[in-house]
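Enquirer: What shape does this take:
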Amino acid sequence: MNLSIRQLRAFITVAEHGSFSQAALQLHLTQSALSGLIKELENQLAMRLFDRTTRQLHLTDAGRRLLPSAQRVLNDIHALAVEAQNIHNGHSGQVRFAVSQQLAASVIPDLITRFQQHYPDIRLHLVDCSVEQVLDQVNNADVDFGMGPERTLPPDIESNLLFALPFYVALPADHPLEQQASVSWQDLQQETLITLNGPFTDRLAEALPETVAEHIRHPRYSVNFLSTAIGLTRNDLGLTLCLPYAADMVRRNGLIMRKITGPVIERKFFIYRRKNRSLTPSAEIFCRFLNEETPYLTCSN
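Expert: Numbers count the residues shown, from 1 in each chain. Below you'll find the model as predicted:
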């Protein structure tokens, strides 16, 4: 049995109008074409659906019993088409994405809020984790894509630059460097530093002159989390390095930020995704939104 949508629509329309001529007009068919569809359907079902006389048309008992099922099938097909169109247009769907923890705790909540104002029917599922776990999530196809700072990539992952952020120093409001509009790396050589363990500091040191890099590699305190470094700075135990998205955390702790120059060193952030794997329409829309929000992400106030 190979029922078609055209056959079901013809059956339902004739039943609703009680007339081949009126149904043919609504479906923009000739009466003979409409009669042919009904005949095909009856042959496939091996039963009559209508009793016909020269003046009247009535559903048979079988036709009355099958009509609700035919209507449900056609409604379900219509709902399927609408949902597919909504997904294609980005009006609905879901996106699962992984974000490095510091980004997830700072700018991502506000970005999600503003995205949902434009696309309330797209469900966003955030996975906050370490940068290395972001890459694992993408590599294992547990998420549609990931966001995080630059890392060495496995062969099956590709990256697209999202934005780049300059380094800042967080310091107490009464610190002598507070008087300067910006701070040089050489200025920091005379300061007690608090740095983060791992690639955040290692990659920074690689981009600096050796004398400055040595000071960065051998700080007074080396911790795992920026929140810890900020807490130590708040208690005058040293100065810490951060990126613009940490501005709220810095302010909440009564500290200030100064951009580090001479030279300006930037940390690049990327969208990570598996090679040769297409994003869903919803994920494409969210990625486009993130790229459009780059000016906001790079703002430090």
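
Enquirer: Please report how far L34 lies from P244.
Expert: 67 Å (CB to CB, to the nearest Å). (Glycine included, C-beta is placed from N, CA and C.)

Enquirer: Same question for G63.
Expert: 70 Å.

Enquirer: can you pull the contacts of the residue nearest to Q102 when sequence neighbours are not counted?
Expert: If the residues on either side of it in the chain are set aside, Q102 comes closest to L226, at 5.9 Å by CB to CB, 6 or more residues apart in numbering. Counting by CB atoms under 8 Å, 6 or more residues apart in numbering, L226 touches 102, 196, 240, 242, 246, 249.

Enquirer: Swap in 10 Å and give it another go.
Expert: Counting by CB atoms under 10 Å, 6 or more residues apart in numbering, L226 makes contact with 101-102, 105-106, 170, 194, 196, 200, 240-243, 246, 249-250.

Enquirer: From L237, how far out is it?
Expert: From L226 across to L237, the span is 15 Å (CB to CB).

Enquirer: so where is the stretch 1-150 of the chain shaky, pLDDT-wise?
Expert: The model of the stretch 1-150 of the chain has pLDDT under 70 over residues 86-92.

Enquirer: residue boundaries of the helices in it?
Expert: For the stretch 1-150 of the chain, applying DSSP state H, counting those that start in this stretch gives helices covering 5-17, 20-27, 31-45, 61-89, 101-106, 108-118, 131-139.

Enquirer: For the third one, give me every contacting residue.
Expert: Meaning helix 31-45. Residues from elsewhere that reach helix 31-45 (CB under 10 Å, 6+ apart): 1-4, 6-11, 13-14, 19-21, 23-27, 29-30, 47-50, 52, 60, 62-63, 66, 70.

Enquirer: Now a ChimeraX select for only the buried ones of these.
Expert: Typed into ChimeraX, the line below selects the buried ones among these, using 16 or more other CB atoms under 10 Å:
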select :7,8,9,10,11,13,14,20,23,24,27,29,49,50,63,66,70
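
Enquirer: Reformat the helices of the stretch 1-150 of the chain as a markdown table; add distance to T261.
Expert: Formatted as a markdown table, the helices of the stretch 1-150 of the chain follow (distance: least, CB to CB, whole Å):
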| stretch | distance to T261 |
| --- | --- |
| helix 5-17 | 67 |
| helix 20-27 | 73 |
| helix 31-45 | 76 |
| helix 61-89 | 46 |
| helix 101-106 | 22 |
| helix 108-118 | 28 |
| helix 131-139 | 26 |
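
Enquirer: Can you tell me which of these is nearest to F269?
Expert: Across the helices of the stretch 1-150 of the chain, F269 has its closest neighbour in helix 101-106 (7.4 Å, CB to CB).

Enquirer: so how far is the closest one from its chain's centroid?
Expert: Its chain's C-alpha centre and that of helix 101-106 lie 15 Å apart, by CA atoms, centre = their mean, to the nearest Å.

Enquirer: what helices or strands is it leaning on?
Expert: Contacts defined by 3 or more CB pairs under 10 Å, 6 or more residues apart in numbering; DSSP states H and E place helix 101-106 against strand 93-100, helix 108-118, strand 122-129, helix 131-139, strand 145-149, helix 226-234, helix 247-252.

Enquirer: Would you mind listing the buried residues in the last one?
Expert: Of the residues in helix 247-252, 247, 249-250 count as buried by neighbour count, 16+ other CB under 10 Å.

Enquirer: wait, which of those residues is closest to L162?
Expert: Of the buried residues of helix 247-252, the one sitting nearest to L162 (CB to CB) turns out to be A247, at 18.4 Å.

Enquirer: any idea how far the closest one is from L255?
Expert: 10 Å.

Enquirer: ditto for A84
Expert: For A84, the distance to L255 - CB to CB - is 51 Å.

Enquirer: Mind checking which of the two has more residues around it?
Expert: Taking other CB atoms under 10 Å, A84 and L255 do not tie; L255 has more neighbours (23 against 12).

Enquirer: Run a quick neighbour tally on R288.
Expert: A count of nearby residues for R288, using other CB under 10 Å, gives 11.

Enquirer: Distance of it relative to L49?
Expert: For R288 relative to L49 (CB to CB), the value is 50 Å.
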